[in-house]
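J.: I'd like to go over a predicted model; first the sequence, then the structure.
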Amino acid sequence: MTVIDTLPNGPGRPAGPEAANGPGARATGPLGLVRRHPLLSFFVLANAMSWLAWLPYILSLNGLGVWDFRFPDVMGSGQIAGVLPGAYLGPIASAFFVTLVADGREGLRRWVGRLWRWRVRPRWYAVTLLGVPAAMILTGFVFSGGEIQAPSLMALGLYLPLLLAQMVTTGLAEEPGWRDFALPRLQRRLGGLRAAMVLGPVWALWHMPLFLSDWGGYPDAHWTHPVAFTVFCVSFNVVMSWVFNRTGESLPLSMLMHVSVNNFASVLWIEMFPSMGADVAMPAMAAASVVAAAVLLVRTRGTLGYVPATPLPRDAA
C-alpha cells in the first residue's frame, strides 16, 4: 500500500470555512443561494441546463418527431451534434459556475487541479483499462449462454482511438461534475455508502430525457431499459466512488473507468456477443455492476475507501 492509497480526502475538500462563512456567504439573491447551498444548486443546474439543451434533439426526428428536422450525423450518429452540447452545459459547466461562486478562485484551482491527477499506481490503470473489459467479457459470456466470437480487426483498431475520443466527450462532460464536485461534498456530509446512494440516482435521473431519443433506443426500447439503466448507474457509482477514493481523488481515473464501460459496450460488445440485443445487454451490465458493488461494500465495510475528514458546515453543502 502506498501513500496515494491512504490519502485522506484532503485534495478534494472544498474551500475552507472562509468560503462558507466569509463576507459573501450570507449574500442575498441567486448568488447568495448558490453560496449557501452549492450542492443543491449544482444538482438543479446540471439537470436543468442539460435537459433544456436536449429538448430540440428530443423533439426532432431523432426522438419524438414533433419537429421535422434530423440532426446531422457525425461519426455515424446524430448524438454528437444533438446530445454532446447539453452534456457540456450540464455537469461540467454547472460545477465550474458553482465552484467559482461558492469557493472562489482558490476552490476553482483545486477543482481543476484534480483533472490533472494522473500520478497513481499502475494497478489502477489496469483496473480501469483492463479490468473493466475483462468483467464485461465475463458478463457477456454468461448472459449470452457462452456464445462468443473474436472481434473484427477494424473494431480492435477503433477501440483505443474511440476510447480517447470518449475521454474528451463523455468523460470530460460528466466526471468533473459528478465525481470531482459532488462526490467529495456528499461524502464529507454522509460518508462513502450514503453518498454513493444519493449520487447514483441523480446521475441516472440526468440521463432520463434521452430515453425519448435514439440515444435510448426510442421508440423501440422496452420500458425496462431505463429501469435497468438506473440500477446500473446506482451500482456502478459505488464502484466509481471506490476508485475515486482509493486513487487520491484522481479525476482522470474516474473518467477512464466511466468511458471504458461505454467504449467497450459500443465498440466490442456486439462484435463479441452478436446474440445479445439491447434488451439483454443493459440488464446484463446492471447485474454485473450490482455484483461488483456488493463485493466492494462487503470488502470495505461500506466505506468505499473514504477516509472521513472534517465535516462540512451545514451551509456549505
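T.: In hand now; what should we look at? Numbering: from 1, shown residues only.
J.: Okay, now the unreliable bits of this protein?
T.: For the chain, the stretches with pLDDT under 70 are 1-28, 309-317.
J.: so how far is residue 303 from the nearest residue to residue 296 once chain neighbours are set aside?
T.: Leaving aside its sequence neighbours, residue 296 sits nearest to residue 242 (Cβ to Cβ, 6 or more residues apart in numbering; 5.1 Å). Heads up, the C-betas are built off the backbone N, CA and C, glycines and all. According to Cβ to Cβ, to the nearest Å, residue 242 and residue 303 sit 9 Å apart.
J.: One more: residue 105?
T.: Applying Cβ to Cβ, the value for residue 105 to residue 303 is 32 Å.
J.: between these two, who's got more neighbours?
T.: Taking other Cβ atoms under 10 Å, residue 105 and residue 303 do not tie; residue 303 has more neighbours (18 against 10).
J.: now the residue lying closest to that one once chain neighbours are set aside: how far from residue 306?
T.: For residue 303, the nearest residue in space outside its immediate sequence neighbours is residue 192; the separation is 4.7 Å by Cβ to Cβ, 6+ apart. Going from residue 192 to residue 306 by Cβ to Cβ gives 4 Å.
J.: any common contacting residues for those two?
T.: Counting by Cβ atoms under 8 Å, 6 or more residues apart in numbering, the contacts common to residue 192 and residue 306 are 241, 245.
J.: Skipping its backbone neighbours, what lies nearest residue 256 in space?
T.: Closest residue to residue 256 apart from its sequence neighbours, by Cβ to Cβ, 6+ apart: residue 128 at 4.2 Å.
J.: OK, contacts around that neighbour?
T.: Contacts for residue 128 (Cβ under 8 Å, 6+ apart) come out as 243, 253, 256-257, 260.
J.: Counting only helices, which of those residues make the cut?
T.: Taking DSSP state H, the ones among the contacts of residue 128 that sit in helices are 243, 253, 256-257, 260.
J.: from those, which single one is nearest residue 110?
T.: Nearest to residue 110 among the ones in helices among the contacts of residue 128, counting by Cβ to Cβ, is residue 253 at 17.3 Å.
J.: quick one: contacts for that closest one?
T.: Residue 253 makes contact with 120, 124-125, 128, 243-244, 247, according to Cβ under 8 Å, 6+ apart.
J.: The residues you listed into a markdown table, with extra columns for distance to residue 155?
T.: Output for these, formatted as a markdown table (distance: Cβ to Cβ, whole Å):
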| residue | distance to residue 155 |
| --- | --- |
| 120 | 29 |
| 124 | 26 |
| 125 | 22 |
| 128 | 20 |
| 243 | 26 |
| 244 | 30 |
| 247 | 29 |
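J.: So which of those residues wins on neighbours?
T.: residue 244 (29 neighbours).
J.: Let me know how buried the residue nearest to residue 296 is, in neighbour terms.
T.: Number of residues near residue 242 (other Cβ under 10 Å) recorded here: 24.
J.: what does residue 279 give?
T.: Per other Cβ under 10 Å, the neighbour tally for residue 279 reads 15.
J.: Look up the closest residue to it, ignoring the ones flanking it.
T.: The shortest distance from residue 279 to any non-neighbouring residue, by Cβ to Cβ, 6+ apart, is to residue 222 (5.7 Å).
J.: hang on, that neighbour packs against residue 277?
T.: No - contact criterion Cβ atoms under 8 Å: residue 222 and residue 277 do not qualify, at 10.2 Å.
J.: how close does the residue nearest to residue 256 sit to residue 167?
T.: According to Cβ to Cβ, residue 128 and residue 167 sit 11 Å apart.
J.: Since that was my last question, I'll sign off now.
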